[in-house]
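Next comes the sequence, and after it the predicted model I'd like to discuss.
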Amino acid sequence: MISPKEFQLFREYIYETAGIALSNKKVSLVQGRLSKRLRQLGFSTFEEYYEYILEDDSEVWRLIDAISTNVTSFFREPAQWEYLKAHLQKIRQKNSTKRLRIWSSACSSGEEPYSIAIFLAENLPDFHEWDIKILATDISVEILKKAQRGVYPIRATENLPSYLLVKYFVKKRNERDEIVHEISDSIKKLVTFRIFNLIYGDFSLFSKPFDLIFCRNVMIYFDSPSQQALVSRFAKLLKSGDLLLVGHSEALTKNKEEFLLLQQSIYERM
């Protein structure tokens, strides 16, 4: 069992490292998700594991991976994609340079940024004439490695239309002789993966604004002040009329001077 003292150690460390706020209701979650790692490393107490994390930088991200939930899928939030079909026309009208920059700010294992690239290839009439770059970031080194590989089990792609699988995926067998789908090179080349901490990262690295920012199902891990500060940073990276897309269960309640709610989980920079 994790003691109150041990839980507090992890709670403070996780907040200071990743900005993830854990309430007292998360004691069982922390205990359950870290117990397996303790057994793997041969530790008998959570405090021993905590001391180990302080000495091993690589273990920090295994801890964050265990606490956060990397649940995603291709073309998640269908209503947003339908809205974006109409929004593409606005982008085309106001963008004479045909330069498009999109940020998938919590990209997890890559389904979101690859979905964005496939969506553009399918719905932007003059797609091949555009200079398109999609930045995909996450706090986890391990999950970014998986995203860069772009290889997914059949169950991850089973809900995609067959014509998309034919056009944008390569069917192959992995080292375990399992059938998998790999993202085609034409889609991979549109996406750049980078590690970035949304709470403590240096936003001055972004020298030019984005046309779209996706930040879905990650702000639920942050406390209210962190959420508000993050959204304000996003606002500085968008021009008037550009969009911020959040998760279905998320809402911007403290940044009403910066964003206008268009429909659930879709906000326009004012």
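Now that the structure is in, tell me what you want to look at. Given the structure is predicted, the values throughout are model-derived calculations rather than measurements. Numbering: from 1, shown residues only.

What segments of this protein are strands?
All strands of the chain, identified by DSSP state E, fall at 99-104, 131-138, 151-153, 169-173, 179-183, 191-195, 210-215, 238-246, 259-263, 266-269.

out of those, which comes closest to residue 111?
strand 151-153 (7.6 Å; C-beta to C-beta). In short, each C-beta sits where N, CA and C put it, glycine included.

For the strands of the chain, give me TSV that also has mean pLDDT and mean neighbour count.
Formatted as TSV, the strands of the chain follow (pLDDT from 0 to 100; neighbours: other C-beta atoms under 10 Å):
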stretch	mean pLDDT	mean neighbour count
strand 99-104	98	21
strand 131-138	97	20
strand 151-153	97	17
strand 169-173	95	13
strand 179-183	97	18
strand 191-195	97	17
strand 210-215	98	22
strand 238-246	97	19
strand 259-263	96	14
strand 266-269	97	19
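
how about a markdown table for those strands, with distance to residue 13 added?
Formatted as a markdown table, these follow (distance: least, C-beta to C-beta, whole Å):
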| stretch | distance to residue 13 |
| --- | --- |
| strand 99-104 | 27 |
| strand 131-138 | 19 |
| strand 151-153 | 32 |
| strand 169-173 | 40 |
| strand 179-183 | 35 |
| strand 191-195 | 19 |
| strand 210-215 | 24 |
| strand 238-246 | 27 |
| strand 259-263 | 32 |
| strand 266-269 | 32 |
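
quick one: the helices in the stretch 51-200 of the chain?
Assigned by DSSP state H, counting those that start in this stretch, the stretch 51-200 of the chain shows helices spanning 57-67, 78-94, 111-123, 141-149, 154-157, 162-168, 185-188.

Let me see the contact set for the residue of the chain positioned farthest from its centre.
Using C-alpha atoms, centre = their mean, the residue of the chain lying farthest from its centre is residue 44. It sits 33.6 Å away. Each residue near residue 44 by C-beta atoms under 8 Å, 6 or more residues apart in numbering is listed here: residue 38.

What residues of stretch 115-131 count as buried?
For stretch 115-131, the neighbour count (16 or more other C-beta atoms under 10 Å) marks 115-121, 124, 130 as buried.

now the end-to-end length of that stretch.
17 Å (C-alpha to C-alpha, to the nearest Å).

which residues are contacting it?
74-76, 81, 84-85, 88, 92, 97-100, 102, 104, 132, 134, 164, 167-168, 186-187, 190-191, 212, 214.

Would you mind measuring from residue 102 to residue 75?
Distance of residue 102 to residue 75, given as C-beta to C-beta, to the nearest Å: 15 Å.

Can you name the two of the buried residues of stretch 115-131 that sit furthest apart?
Largest pairwise distance in these, by C-beta to C-beta, is 17.3 Å, between 115 and 130.

from the helices of the stretch 51-200 of the chain, which stretch is densest packed?
Of all those, helix 111-123 has the most neighbours on average by mean count of other C-beta atoms under 10 Å, namely a mean of 21.

could you give the angle of it to helix 141-149?
Helix 111-123 runs at 20 degrees relative to helix 141-149, counting by axes from the mean of the first three to the mean of the last three C-alpha atoms, to 10 degrees.

what distance separates helix 111-123 from the middle of the whole chain?
Between the centre of helix 111-123 and the centre of its chain there are 14 Å (C-alpha atoms, centre = their mean, to the nearest Å).
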